[in-house]
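Student: Mind looking at a prediction? Sequence and model below.
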Amino acid sequence: MTTTLIGPNLSFIRRAFLRNKDRSRLRRERRARRQLRENTWRDYAVLSIPYLWMLLFFLLPFLIIFKISLSVTEIAIPPYSPLVTFEEGAMQIILHLENYTSIFYDEDWTYLRSYLKSVEVAGFATLFCLLIGYPIAWALSTCRSTWRNVFFMLVIMPSWTSFVVRIYAWMTILKKNGLINDVLIAMGIIDEPIQLLQTDFAVYIGIVYCYLPYMVLPLFSALMKVDYTLVEAASDLGCRPIRNFFTTLVPQTKNGIVAGAMLVFIPAMGEYVIPELLGGKGSILIGRILWQEFFNNRDWPLASAVSITMLAILVIPIIWFYKIQRREEKA
Amino acid sequence: MIDSNQEAAPTSAPAATTTKSHLPGQLPGQTLSPQQRKRRPILQIKKLTKQFEAFTAVDSVDLTLYEGEIFALLGSSGCGKSTLLRMLAGFETPTSGSILLDGEELIGVPPYKRPVNMMFQSYALFPYMTVKQNIAFGLKQERLPRAEIEERVQKMLRLVHMEDYTERRPFQLSGGQRQRVALARSLAKEPRVLLLDEPMGALDKKLRERMRLELVDIINSVGVTCLMVTHDQEEAMTMADRIAIMDRGEFIQIGGPRELYENPNCRFSAEFIGSVNIFDCTLKSSNKTQSLIQAADFPNDIELAHDIDLADGMPLTIALRPEKIYISKERPQESTNWCEGTVDNIAYLGDISIYYVTLPNKRIVSSTLPNVDRFKVGLPTWDDHVFLSWDPESCIALTF
């Protein structure tokens, strides 16, 4: 907190790796506060490992995709035009922006509609995950510790089986002569099997089912830190239960809610397998478009442009949340 | 060698005799019984019991609180005092019994509908709200008009002298300021009974002493009935009109500070409040004006100036407060109420010194002496042979 003047203080890294012998030296150092504020090369060396990882496996591929998105498709290997060409001693850098313009000036609005559809599906799925996940996380955080491990297993264990297998399992449950229809007919509630598979409903079930643990876990860790005397204090001061929940529990677990929502929304946005297997022909989500452009049309540049645009769409809310967070920390 | 609470001894002794100036018409050190004050019972607890599985936290407790009094539940941790308080606030459901507030049953009423408010040990101020919003919180729940909320919040701010801090957040306040905001918040709804859970628990020692009197002043100026829970006997004695000593879910004794100190009704009370020397004795003879008691630890008899309702030859306990034992190098003239020994140790505590005197049978008896007197010539020092004596009225005879 005291180091914001000069920049991030990385001395915690040094302190973590200190031998006992060095601790007394550090104590002397602490007196000279100026020294503490300076980061040594060792601090940077330790920090550079994750940065290097991110650089190699995130930033570099991203730049390659970005580069491809600025070219046009060609029948060649690789199937796109080079960015830089040499012809008769002249270096040419051609930046094709038509991929981006075709996304936004498409007469059918295919891309924009599927972006909107993706945002809608991911948004509602996140909301459903929150509504289902909050009670689960609350039960986990308040139950006895002996039961907690069992419940934890129940939440996490499904993720040990293959993602695709679980979606196939849902297909057999939701299909025309599947479990749900059979049970409903046997109970006499419906006469004809209802269409469950290949609907948005099935897509929501799939997404909520698969991403629920990612919502529950951050909520759980936030709920474990909740100061329940605040809940009691609000109740003591006349606050009714539902209002109490929103005035004491929600603000205290806000970070968990945001983290959980991010962990669900972001992957759900680009989800391909679930809408492909459970969704209908009408629900063209952006993940499907990407697949079609890459593999069916072999239009790598357009597919790259679509994915870059999707990233931009995702980055905006992340930055927005981050800004809010920062503002509240300052206040 | 029964000296129950050695480190508490120096501080508790003066606290016991502290005059309580905050009650008008009350003589120093004298606590009037609530009936004499002709106050109306406000809260009645009847046969209240709380069991947690096999453990009984509160065991069939009866208590009546009178309008305007400050009542303290005093006990060590785990004695059930906090559970009792939480049952009054509505956070715990009693196993059996009843709580009547102004004659109406409170059990079954959820906390948010009870006309009682609590000041939490950790204060439980809402960290994301300003001082003003915290105090207004309870009033907003009642959906009072804005102007009225504003007016009452301002009144509360003035009451606790926090007018200049309205826009601060709790983490920007000191411990004492936080406590005052918490008090203002719990008083804002004008509760019938104010519950204080370890009110000084989160403050350091110096601040505690100041805040005690300040808190009592504020509570009395509002006139609210107050039930507090504390493990600190000094705090209970300075703040409360009446105190209940609690142990294992039961009340051991209820009384004013002076009554509890001077007339404990059992060995537990005597040892709990202040420090005390306990002697196992047998009753030799007893009549209207005089009782003679044989102590096991020294040859001389103990003489009391009143009768003891016990058959001759029966065992009893005599409790003697250290500050009521005189220490001297000269043999007393009387034949009763003294014993002899050697000064084993002297603890210097600033205002007083505690002498630990070993009797011939190795029992250690403690006696305190104000340091104003101690360094006058002729007073005993280490390894001196000394005589301990006391007045007949200083002895407390305890039959159980």
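Tutor: Cool, got the structure.
Student: Mind pulling up the pLDDT for B:Ala188?
Tutor: Looking at B:Ala188, its pLDDT is 94.
Student: who's in contact with it?
Tutor: B:Ile135, B:Ala136, B:Gly138, B:Leu139, B:Arg152, B:Val153, B:Met156 (Cβ atoms under 8 Å, 6 or more residues apart in numbering or on different chains). C-beta coordinates here come from the backbone N, C-alpha and C atoms, glycine included.
Student: Run a quick neighbour tally on the fifth one.
Tutor: Under the neighbour criterion other Cβ atoms under 10 Å in any protein chain shown, B:Arg152 is assigned a count of 19.
Student: ok, now the fourth one?
Tutor: Summarising burial for B:Leu139: neighbours were counted as other Cβ under 10 Å, giving 24.
Student: Quickly check: the helix or strand harbouring it near chain A or not.
Tutor: Assigned by DSSP states H and E, B:Leu139 belongs to helix B:131-141. Yes: counting by Cβ under 8 Å from any Cβ of the partner chain, chain A is contacted by helix B:131-141 at B:Phe137, B:Gly138, B:Gln141.
Student: Which pLDDT value goes with the residue of the stretch 201-350 of chain B found nearest chain A?
Tutor: Closest to chain A within the stretch 201-350 of chain B is B:Ala202: 11.9 Å, counting by Cβ to the nearest Cβ. We have a pLDDT of 82 for B:Ala202.
Student: Surely it is in a helix?
Tutor: No: looking at B:Ala202 with DSSP: H, G, I helix; E, B strand; the rest coil, it is coil, so not inside a helix.
Student: before we move on, back to that, of the contacts of B:Ala188, closest to chain A?
Tutor: Looking across the contacts of B:Ala188 and measuring by Cβ to the nearest Cβ, the closest to chain A is B:Gly138, at 3.6 Å.
Student: per-residue pLDDT, the closest one?
Tutor: 94.
Student: How many residues are close by it?
Tutor: 26.
Student: how far away is it from B:Asp391?
Tutor: 53 Å (Cβ to Cβ, to the nearest Å).
Student: Check A:Lys176 too.
Tutor: Distance from A:Lys176 to B:Asp391, by Cβ to Cβ: 100 Å.
Student: Next: A:Glu74.
Tutor: With Cβ to Cβ as the criterion, A:Glu74 and B:Asp391 are 114 Å apart.
Student: rewinding a little: and the helix holding B:Leu139, what does it pack against?
Tutor: The helices and strands touching helix B:131-141, judged by 3 or more Cβ pairs under 8 Å, 6 or more residues apart in numbering or on different chains; DSSP states H and E, are helix B:146-159, helix B:175-187.
Student: The ones you listed into TSV, with extra columns for distance to chain A?
Tutor: As requested, these are arranged in TSV below (distance: least, Cβ to the nearest Cβ, whole Å):
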stretch	distance to chain A
helix B:146-159	13
helix B:175-187	7
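Student: Of those helices, which stretch is the most buried?
Tutor: helix B:175-187 (a mean of 23; mean count of other Cβ atoms under 10 Å in any protein chain shown).
Student: what angle do the helix or strand just after it and helix B:175-187 make?
Tutor: Per DSSP H and E, the first helix or strand lying C-terminal to helix B:175-187 is strand B:193-197. Relative orientation of strand B:193-197 and helix B:175-187, computed by axes from the mean of the first three to the mean of the last three Cα atoms, to 10 degrees: 150 degrees.
Student: Alpha carbons of strand B:193-197, as PDB, please.
Tutor: Below are the C-alpha coordinates for strand B:193-197, written out as PDB (Å, rounded to 0.1, in the frame of the first residue of the first chain):
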ATOM      1  CA  VAL B 193     -33.800  -3.100  25.500                       C
ATOM      2  CA  LEU B 194     -30.200  -2.500  24.300                       C
ATOM      3  CA  LEU B 195     -28.000  -5.600  24.200                       C
ATOM      4  CA  LEU B 196     -24.300  -5.100  24.500                       C
ATOM      5  CA  ASP B 197     -22.100  -8.000  23.600                       C
END
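Student: Point out the residues in chain A that sit beside chain B.
Tutor: Counting by Cβ under 8 Å from any Cβ, the residues of chain A near chain B are A:227, A:229-230, A:232-241, A:243-244, A:247-248, A:251.
Student: Just the buried residues of the longest helix seen in chain A, please?
Tutor: For chain A, the longest helix by residue count, based on DSSP state H, is helix A:110-142. Neighbour-count burial for helix A:110-142 flags A:111, A:114-115, A:117-119, A:121-122, A:124-126, A:128-130, A:133-134, A:136-138, A:140-141 (criterion: 16 or more other Cβ atoms under 10 Å in any protein chain shown).
Student: Just list whatever residues bridge to B:Ile243.
Tutor: B:Ala72, B:Gly255 (DSSP bridges).
Student: need the contact list for it.
Tutor: Counted by Cβ under 8 Å, 6+ apart, B:Ile243 has contacts B:Phe71, B:Ala72, B:Leu73, B:Leu74, B:Ala236, B:Met237, B:Ile254, B:Gly255, B:Gly256, B:Pro257, B:Leu260.
Student: of those residues, buried ones?
Tutor: B:Phe71, B:Ala72, B:Leu73, B:Leu74, B:Ala236, B:Met237, B:Ile254, B:Gly255, B:Gly256, B:Pro257, B:Leu260.
Student: will you turn those residues into JSON lines that also has pLDDT and distance to B:Lys50?
Tutor: Converted to JSON lines, the buried ones among the contacts of B:Ile243 look like this (pLDDT from 0 to 100; distance: Cβ to Cβ, whole Å):
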{"residue": "B:Phe71", "pLDDT": "95", "distance to B:Lys50": "19"}
{"residue": "B:Ala72", "pLDDT": "95", "distance to B:Lys50": "19"}
{"residue": "B:Leu73", "pLDDT": "95", "distance to B:Lys50": "14"}
{"residue": "B:Leu74", "pLDDT": "94", "distance to B:Lys50": "18"}
{"residue": "B:Ala236", "pLDDT": "93", "distance to B:Lys50": "22"}
{"residue": "B:Met237", "pLDDT": "93", "distance to B:Lys50": "27"}
{"residue": "B:Ile254", "pLDDT": "94", "distance to B:Lys50": "19"}
{"residue": "B:Gly255", "pLDDT": "93", "distance to B:Lys50": "24"}
{"residue": "B:Gly256", "pLDDT": "93", "distance to B:Lys50": "27"}
{"residue": "B:Pro257", "pLDDT": "93", "distance to B:Lys50": "27"}
{"residue": "B:Leu260", "pLDDT": "93", "distance to B:Lys50": "25"}
